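**Student:** Coordinates only, no sequence provided:
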């Protein structure tokens, strides 16, 4: 960050300015993919399988072509042959669609109807007649074979059996989480339009560059000819990371028919075709000395996968990271079944793993007769990252715990279960610690200054509602010595410099570091225009800053040149700097890149007569490093808290055990938290800018959800004395 | 809420699948010649190009498509466009003043960051504006209860309540 600030209101980073895209969103003028229309555009509807395993022996579509408006019906028999999709970790196409008649899950894409209007296509899609040769479906997890995840090896430090043997107090239990479906409010879909070998794609992806790469490879065209547009998208929560089959279906149909094709999924299809958080089971064993010092942690976890595409996993990823225990083992497996594709959803894996670990710690605290907060404080490794032995680049977990306790009033808690009552209600107070691993991905960005004093930042990123537009505008304004209204951040277009996905809570950090680097290169570009007689002549990029349309000596801002004059002197109208993420070499950085930390404190009130549970208070304290915009960061934590309440109390995608069909795949049947389910949440940020990168951020997208389910479950135990180890916690489990 | 049929002529059908609908959208008379199966949501979006109103479920369960019909909030995905014949429809585009100024509820939403991705926002706004008319903004609990037909997957509920509370206090 520059040391010199002169604009009124600067520095902008750290200020809670309103979302720069807010006026577009409240007036309905922000363009989402579903709003795109083109001349000659046709409408496509996906037809899905009604069995979970087998092959299609006959699919009769001839009668459909006589219906009004129907232009084509694609099946595996006539859909264009596609190249194998590229491997993109956490972002690939599970299986290219309509390439053969094999069925691997109930609800799989088996045909595509294309018509003049959506109504015509929808009606025709209902009339497709399919004959299957069903095969026995692998649906029961007990029948599957657990297999390891290639990128997530088992971890061991110390000797857990020895740690178990020396423990004074031991707990061990199984925990379960249900399948949750991302369900962004925006139905996912796209408009695909070809011009020769050039493809324009308006989509709901969180990763425009990965979609470009996939489309180019699958259709055998140059990446330079594929352009993905996603200026806005209606949320994602991970569902927009993979290059789902519907995108290839629309693009393939559009190419075959020579006309633009629009394909929007239905809400029931959103439960089947764009990923989910899979079911998980965890066995956790903890051992501790009488004073609460952990002597061992063992976490074995299993997630459910689809036949052709494994789960994201990461259930155990956070477990070895936080506590200074010398003996830790994690073992993670996944079981493939004839079920729909799992993928990333809001703190994938780490949300589930934290639920298991932090619930087990609460159980341990009760076995010890120790305050759950004290147990965390005794064991948190706040200086050293336990697996690597390196110092954390930042870690304010202890502060999170203490500040949260103070604000919540934790010291007034009577630890005995069912001891706190109010008007016939059982009151429970619970807490949990939280961690979400650091993630940075390669991003590029271009920063351009113009002769009129304005500037632009360009990167092929997305803003899924996280505030990317706004925070990068603020950062660039500071770096360029301008006001935010003078900076135009253009994103959501794959022709812009390649950027990371909106995923892993890594985009703001990745992009910020790329923008900082780009501004340094812009300084170099501007210095290249300086004449020999100038007082700036011969300075290096780090010696200068931009401010108020001038290039200034960093240590003497009065020594400056007008950028407009520098440009005019060479007949230029603009100057640009290209930047990319530059990371310290982990081997020589001498520190462990820290992720986010947090502490969640929850109060529940339970009516024992009818089992009604209300979350009455939440205090959520987070160390996310530098907070670029506290208003938007608070919204992120609020939203993630709502997601955590949903995971804890409502969300459960049910699979029929006999057919493999999603049994509750509508918003009428799948419960999620509504306004009346959510209390006023107190959001607090603590900690310091992280020292691993210049931006100092650690990501604020996912950490807010982590810890919420365990804090709720622990509060339920405190209220009722019932230890409920399976999510969601529902009314029937709470009737006393 | 107006429940009687208007005095406008009944929709005329051209053939089995076509109907002419005369309505008023955001104060301007509109004629749609549309497929009989067209919902009000689809007519607004596809026939009139008013894409501010969003489709989130097509089953009346998420509230993203909320508009006003004769001043009452309606889920436009559950209403056939033909049923809007002779009625007054207001969409999020109609909240903006003639000079382009934001409605106080829109301003409050921006100020309180009452959205993230923005997809549910038009429906939230239309519900919120009606909520004040219905006299249901007396307390936070009441706002929450009567805004619970509008899902926000990003989870901006606390900020939505704050925005509605402020707009209610401001006499919006």
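**Tutor:** Sure thing, it's come through. All values derive from a computational prediction rather than experimental measurement. Numbering: from 1, shown residues only, chains lettered A, B, ... in the order given.

**Student:** and the residue of chain A found nearest chain B, backbone torsions?
**Tutor:** Taking CB to the nearest CB as the measure, the point where chain A comes nearest chain B is residue A:28, at 1.9 Å. Where you see a C-beta, it was placed from the backbone N, CA and C, and this is true even at glycine. The phi/psi pair for residue A:28 (degrees, to the nearest 10) reads phi 80, psi 20.

**Student:** Which residue ranges make up each domain of chain A?
**Tutor:** A:49-136+A:188-264, A:138-176+A:277-380, A:440-589 (automatic domain parsing).

**Student:** would you turn those domains into JSON lines with distance to chain B, mean neighbour count and mean pLDDT?
**Tutor:** Converted to JSON lines, the domains of chain A look like this (distance: least, CB to the nearest CB, whole Å; neighbours: other CB atoms under 10 Å in any protein chain shown; pLDDT from 0 to 100):
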{"stretch": "domain A:49-136+A:188-264", "distance to chain B": "3", "mean neighbour count": "21", "mean pLDDT": "97"}
{"stretch": "domain A:138-176+A:277-380", "distance to chain B": "10", "mean neighbour count": "21", "mean pLDDT": "97"}
{"stretch": "domain A:440-589", "distance to chain B": "3", "mean neighbour count": "21", "mean pLDDT": "96"}
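
**Student:** The residue lying closest to the residue of chain A closest to chain B once chain neighbours are set aside - how many residues pack around it?
**Tutor:** Spatial nearest neighbour of residue A:28, chain neighbours left out: residue B:52 (1.9 Å); criterion: CB to CB, 6 or more residues apart in numbering or on different chains. Residue B:52 is flanked by 26 other residues according to other CB atoms under 10 Å in any protein chain shown.

**Student:** contact partners of stretch A:64-74?
**Tutor:** A:42, A:61, A:98, A:111-117, A:120-121, A:123-124, A:127-128, A:249, A:252-253, A:256-257, B:17 (CB atoms under 8 Å, 6 or more residues apart in numbering or on different chains).

**Student:** Span of that stretch from start to end?
**Tutor:** Start-to-end span of stretch A:64-74 (CA to CA, to the nearest Å) is 11 Å.

**Student:** Quick check: residue A:132 touching residue A:56?
**Tutor:** Yes - counting by CB atoms under 8 Å, residue A:132 touches residue A:56, with 6.0 Å between them.

**Student:** Common neighbours of those two, please.
**Tutor:** residue A:103.

**Student:** Of the contacts of stretch A:64-74, which belong to helices?
**Tutor:** Among the contacts of stretch A:64-74, the members found in helices (DSSP state H) are A:120-121, A:123-124, A:249, A:252-253, A:256-257.

**Student:** and residue A:701, what does it touch?
**Tutor:** Residue A:701 neighbours (CB under 8 Å, 6+ apart): A:466, A:502, A:505, A:507-508, A:636, A:640.

**Student:** I'd like the distance between residue B:98 and residue B:90.
**Tutor:** Per CB to CB, to the nearest Å, residue B:98 is found 14 Å from residue B:90.

**Student:** More neighbours: those two, which one.
**Tutor:** With neighbours defined as other CB under 10 Å, residue B:98 and residue B:90 compare such that residue B:90 has more, 21 against 6.

**Student:** Helix, strand, or coil at the nearest residue to the more buried one once chain neighbours are set aside?
**Tutor:** Spatial nearest neighbour of residue B:90, chain neighbours left out: residue B:68 (4.0 Å); criterion: CB to CB, 6+ apart. Reduced to three states with DSSP: H, G, I helix; E, B strand; the rest coil, the structure at residue B:68 is strand.

**Student:** tell me which residues form a beta bridge with residue B:68?
**Tutor:** Judged by DSSP bridges, the bridge partners of residue B:68 are residue B:73, residue B:90.

**Student:** Tell me who's in contact with it.
**Tutor:** Residue B:68 makes contact with B:74, B:88-91, B:126, B:129-130 under the criterion CB under 8 Å, 6+ apart.

**Student:** Return the distance of stretch A:295-306 from the chain's centre.
**Tutor:** Centre-to-centre, stretch A:295-306 and its host chain are 21 Å apart (CA atoms, centre = their mean, to the nearest Å).

**Student:** Tell me how many other residues crowd the closest residue to residue A:677 other than its chain neighbours.
**Tutor:** Spatially, and ignoring its direct neighbours in sequence, residue A:677 is nearest to residue A:645 (6.4 Å; CB to CB, 6+ apart). The number of residues packed near residue A:645 is 26, by other CB under 10 Å.

**Student:** residue boundaries of the strands in chain B?
**Tutor:** With strands called from DSSP state E, chain B shows them at B:12-15, B:18-25, B:28-35, B:66-69, B:72-75, B:88-90.

**Student:** ok, now how distant is the closest residue to chain A within chain B from residue A:470?
**Tutor:** With CB to the nearest CB, the shortest gap between chain B and chain A falls at residue B:52, namely 1.9 Å. Residue B:52 sits 21 Å away from residue A:470, going by CB to CB.

**Student:** same question, residue A:604
**Tutor:** The value you get for residue A:604 to residue A:470, if CB to CB is used, is 34 Å.

**Student:** again with residue B:84
**Tutor:** Residue B:84 sits at a distance of 37 Å from residue A:470 (criterion: CB to CB).

**Student:** swap in residue A:318?
**Tutor:** According to CB to CB, residue A:318 stands 29 Å off from residue A:470.

**Student:** try residue A:134
**Tutor:** On the measure of CB to CB, residue A:134 and residue A:470 end up 52 Å apart.

**Student:** again, but for residue A:380
**Tutor:** 33 Å.
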